[in-house]
Structure formats: structure tokens, C-alpha cells
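[1] what's the 3D shape of this:
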Amino acid sequence: MSRGLINWSQLRRYSSLPELPSCKYSTPFYQATDYETVKATRLAPSERPYYKKPLLIHEGHGQWLWDHTGRRYLDMFAGIVTVGVGHSHPKITEALSQQISKLGSTTVIYMHPQYHEYVDKLKKKLPENLNVIYLVNSGSEANELAFLLAKLYTGAQEIISLQNGYHGGTAATQAATGLNIAKYPIPQAPGFTHVMNPDVYNGPWGCSHCRDCPISHGKNCSCVGNNCQAADKYFGQLQNIFKYCLSSSKPVAAFIAESIQGIGGIVQYPKTYLSKVYDFVRSKGGICIADEVQTGFARTGDHFWGFQGHGVTPDIVTTAKAIGNGFPLGAVITTKEIAEVLNKAMRVNTFGGNPLACAVGSAVLDIIDEEQLQENCKTVGTHLLHRLSTLLLDYPTIIGDVRGKGLMIGIELIRDVETKEPLPVEQVLDIFEDIKDMGVLIGRGGVNGNILRVKPPMCITKEDADFAVEIIKKSLDNHRDKYISDKESVFFGGI
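    Numbers count the residues shown, from 1 in each chain. Below is the predicted model of the structure:
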């Protein structure tokens, strides 16, 4: 009997897959260093491959990637949420080519037109008072500079951030990060306090109806009208930190939060939570920082910036990743009054705002508008969320939650629907590998590594979304078949 089950399981695993959506672009045959040599000579031991059988990617176009064998993959992770407008976009290629033929590098000690033109274009995407932009090279650098601005401006030292949030890998940004998987076993920089994460799925309060997501499921919570009790309770936890743990004179320099948590697993807060926190922090003399490294540049669909979905205006916005579509570029955006404090000492950034970065950044903004990618994020993202929500019914013992907004989506894998115990990592990795082997690339996140992260280039189509859902479903079928087979083998003594 066990033998029959195993054969059935294998038949299911290797049965016909849905056809990969068409792509008119063709890639030349791979002729660089061979796979085994590249695999054996990875230079940094901390740069772990993403899969059990690592991919050697050599070309990309739009939402597609090709490996060394010529196999095509649907990229549903966008280089860790970085390739916003698509791989190797011809408009970006042309902008880089034209600029490097004129001027490849200079610094802000000189003026150059690309800097002025790009900053002026980016300002038009922001609230009127956020009109000073510092260009940097990464999200970590952007958040470091934001912390410096906050401390100089307020005269206070404490930075408040959320548990489960991620803000970078430098000394200060690692201290602000509330994920132990991103921390090294060394003393953390002082002056950082983490407050309870307002997670309505894994936390003690709230439900899916409390968050700004096109889909909701499960039982309703006890919220009445616009009064979200979950937001009130999580906000109360933050108030307690001020009451018991911080100085009474200058308690806080800044509060920082992602508009939707990225690496932490696409966690969305109760709808009114951030507005309550912003008002309270400002009443205590602090300022508010919106980390838009993953949520900025149209990804959430309804708005260009994630913070707009919460009805708040931050004092500082930090961004990177999609701002340059993979080119090293980031930005710190703030008010003139806050920006003035950097005049207290010399500040030089050798590469920040170089001509190439500005040319790319400008092209990205044009592409988002011309190709209506914000609208595409809303339309395709909502379609994808509704398709993925069916997994909650089809796989209730594996899928605990589906959430997100626009093309920033998370799927939480569990082993117990009542306790929400995360699916063991080895099983998550099996599903993860299976999805890759069937032609779709996604990410993983969360402190337990059990959340599938779906954040594709913003140019994907509904056809692409449907294909990705069918592949994910197939991988879950394979996982369920394997689990049932293993259980049956145990029951029948392994015969």
C-alpha cells in the first residue's frame, strides 16, 4: 500500500505543469565561467546561495531571468524587491549609455545638471514640505543619515523602532533592526529601543479586517466602526515604553517604521496605528521616519509611497532599492528646517548623487509614469492577492495567512492552524526549492523563515500572476503528498 502511495505521489510531482507565459525576448547562449567553477569559488562565506541547488543567472529582461542552461524563470522577487520597472529596461540602458559617454563621475562639490533635474523631478512625487533631498548609495546609508539628522535636530538620542522591522546592516541600522536573524553576537549600538510589533496575525490583538489589504479572512475582531481596538492596544504598549523606559526630559529623537514590513514577512499594521504613533512621538519632541526602501516607488498600488496608505506625513523619508532599479542609489528626503542641522560639521559623500545614478533615477520615474506601473501594481496585485487567497481554503493546514497590498505580498506557512506554529524550516525549503524548480523565483522572510515573499517587478501581467499561483499550488500539492506518504509509511511500519 505504501508503495502505491509513493508512486502516486511521484506521478503528481512530475505531472504536466502550466505553460510558462510567452516572452518574445531571446537570450544568447551562456559563454562565461562554467557553473561548477563559479559555485566552488564564491568569495565570501557569508554569501550563502539562496537554494539547495544554486542558480547561476546571467541575463534578465522585464520580469524574466535566464540561467546558464538557457532556462527561463519568472522573477517574482525582483532581486530582493529592487528591480521595480523590470530587468534591463531599454530606457535605463539608454540613459546610462548617454550619460557615461559624457560624464561618469563627479561629486556634489561641483554642480552637474543631472543632479538638479533628478532631484526636482523626485520632489514632485512628495508632500510639499519634504523638499530637501540627500542622495546616497543604499538603504542602510539612508537610514544612518536619517538617524543623524534626527539626533542633531531634536537633541535627543533614542531611536524607537518596531520588533520584527528591518532597517539595514550597518552599526546603527542593525541596532534599529528588530530581527535576531539579522544581528551578529556583538554589543549593539546604544540608544535604540524596540516596541511591540503591531502584527494582527501573530500578535495578541486584531485580525485580517484591521489591515489595509484587499482581502480579509477568518473571524472578525471586536473593532467598532473606525475605532480599531487592536491599534489602541498596540499603541498602548508603545506608550508604556515611554512611561517606564525612557528619559522624561528628552525621551526620543525619532520613531522609524517600514510602511509594510518587508524582510519581517509582509506585516501590515492596524490601519490607524501609525497615525496614533506619529502624533504621540511628535508630542514628545521626536520626529517620524518612514522607511520606504521596499514600499516606495508605486509598489503598493494605491499610492506612490507606502506611508500615504496610513494617512500620515513623515518628517524624513528614506528610500533605496527600486529608486535605481538595481543601480546603487538611495535618498533621504526631509524638510529644510531639519536639513539645516547638517551645517554643524562637514559632510561629503563621494558617490552620492553621481551623474550615472541620477540618470538612472530619472529614467525610473519616467518609466513608472509612462507605463502606468502604479496602476499595474494595484490591478495585478489585487488580482494576485485574490487568487492567492484561495490557498487558505485549499490548504488550510499549510497556509495560515495571505496578506499584502499591491505587489508586496506574503504567504505564511504553518503546521498548526490553532497555534499558528510555523512550518518547519526544512519543509519550507522543500516548497521553496520546488517552486524554483518549476520556473518561479520568490523570496522568504519572517523571523522563522516561514513566509513566502512575492514582490515581482512591477511590469508583470495577470497571466504571469496566474502562472505563479498555479506553480505555488503545485508545490503545495507536492508537499502535501509527501507529508501524507510519510505518515502512511510510518503507520504501516515502513513496508
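[2] contacts, neighbours, all on C-alpha from now
    Fine.
[3] what about the helices in the stretch 51-200 of the chain?
    Per DSSP state H, counting those that start in this stretch, the stretch 51-200 of the chain carries helices over the ranges 78-81, 90-100, 113-123, 139-154, 171-176.
[4] Please render the ones you listed as TSV that adds mean neighbour count to the earlier fields.
    Output for the helices of the stretch 51-200 of the chain, formatted as TSV (neighbours: other Cα atoms under 10 Å):
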stretch	mean neighbour count
helix 78-81	24
helix 90-100	16
helix 113-123	16
helix 139-154	22
helix 171-176	23
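[5] Including mean pLDDT and distance to residue 195, could these go into TSV?
    Converted to TSV, those look like this (pLDDT from 0 to 100; distance: least, Cα to Cα, whole Å):
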stretch	mean pLDDT	distance to residue 195
helix 78-81	96	26
helix 90-100	97	41
helix 113-123	96	32
helix 139-154	98	17
helix 171-176	97	11
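[6] Tell me which of the ones you listed lies nearest to residue 457.
    For the helices of the stretch 51-200 of the chain, the distance to residue 457 is smallest for helix 78-81, at 5.2 Å, taking Cα to Cα.
[7] Show me what the longest helix along the chain packs onto, helices and strands only.
    Ranked by residue count and defined by DSSP state H, the top helix of the chain is helix 462-491. Applying 3 or more Cα pairs under 8 Å, 6 or more residues apart in numbering; DSSP states H and E, we find helix 462-491 packed against helix 2-13, helix 373-389, helix 425-437.
[8] about what we covered before: could you dump the helices of the stretch 51-200 of the chain to CSV with distance to residue 300?
    As requested, those are exported to CSV (distance: least, Cα to Cα, whole Å):
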stretch, distance to residue 300
helix 78-81, 12
helix 90-100, 22
helix 113-123, 18
helix 139-154, 18
helix 171-176, 24
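[9] so which of these comes closest to residue 354?
    Judged by Cα to Cα, the one of these that comes nearest to residue 354 is helix 113-123, at 7.4 Å.
[10] contacting residues around the closest one?
    In this structure, residues lying in contact with helix 113-123 by Cα atoms under 8 Å, 6 or more residues apart in numbering are 130, 131, 133, 353, 354, 355, 358, 359, 361, 362, 365.
[11] Of the residues you listed, which belong to strands?
    Per DSSP state E, strands hold the following members of the contacts of helix 113-123: residue 133.
[12] among the contacts of helix 113-123, who's most crowded?
    Compared across these, residue 353 has the highest neighbour count, 30 neighbours, by other Cα atoms under 10 Å.
[13] if we can go back for a sec, any idea which of the helices and strands packed on helix 462-491 is most buried?
    helix 373-389 (a mean of 22; mean count of other Cα atoms under 10 Å).
[14] now the angle from that helix to helix 462-491?
    Orientation check (axes from the mean of the first three to the mean of the last three Cα atoms, to 10 degrees): helix 373-389 against helix 462-491 gives 30 degrees.
[15] Kindly export helix 373-389 (C-alpha atoms) in PDB.
    Only the C-alpha atoms of helix 373-389 are listed here, as PDB (Å, rounded to 0.1, in the frame of the first residue of the first chain):
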ATOM      1  CA  LEU A 373       3.200  50.900 -13.300                       C
ATOM      2  CA  GLN A 374       1.400  52.200 -10.100                       C
ATOM      3  CA  GLU A 375      -1.900  51.300 -11.700                       C
ATOM      4  CA  ASN A 376      -0.500  47.900 -12.700                       C
ATOM      5  CA  CYS A 377       0.600  47.200  -9.200                       C
ATOM      6  CA  LYS A 378      -2.900  47.900  -8.000                       C
ATOM      7  CA  THR A 379      -4.700  45.900 -10.700                       C
ATOM      8  CA  VAL A 380      -2.400  42.900 -11.000                       C
ATOM      9  CA  GLY A 381      -1.500  42.900  -7.300                       C
ATOM     10  CA  THR A 382      -5.200  42.800  -6.200                       C
ATOM     11  CA  HIS A 383      -5.800  40.100  -8.800                       C
ATOM     12  CA  LEU A 384      -2.900  38.100  -7.400                       C
ATOM     13  CA  LEU A 385      -4.000  38.500  -3.800                       C
ATOM     14  CA  HIS A 386      -7.500  37.300  -4.600                       C
ATOM     15  CA  ARG A 387      -6.000  34.300  -6.400                       C
ATOM     16  CA  LEU A 388      -3.700  33.500  -3.600                       C
ATOM     17  CA  SER A 389      -6.500  33.900  -1.000                       C
END
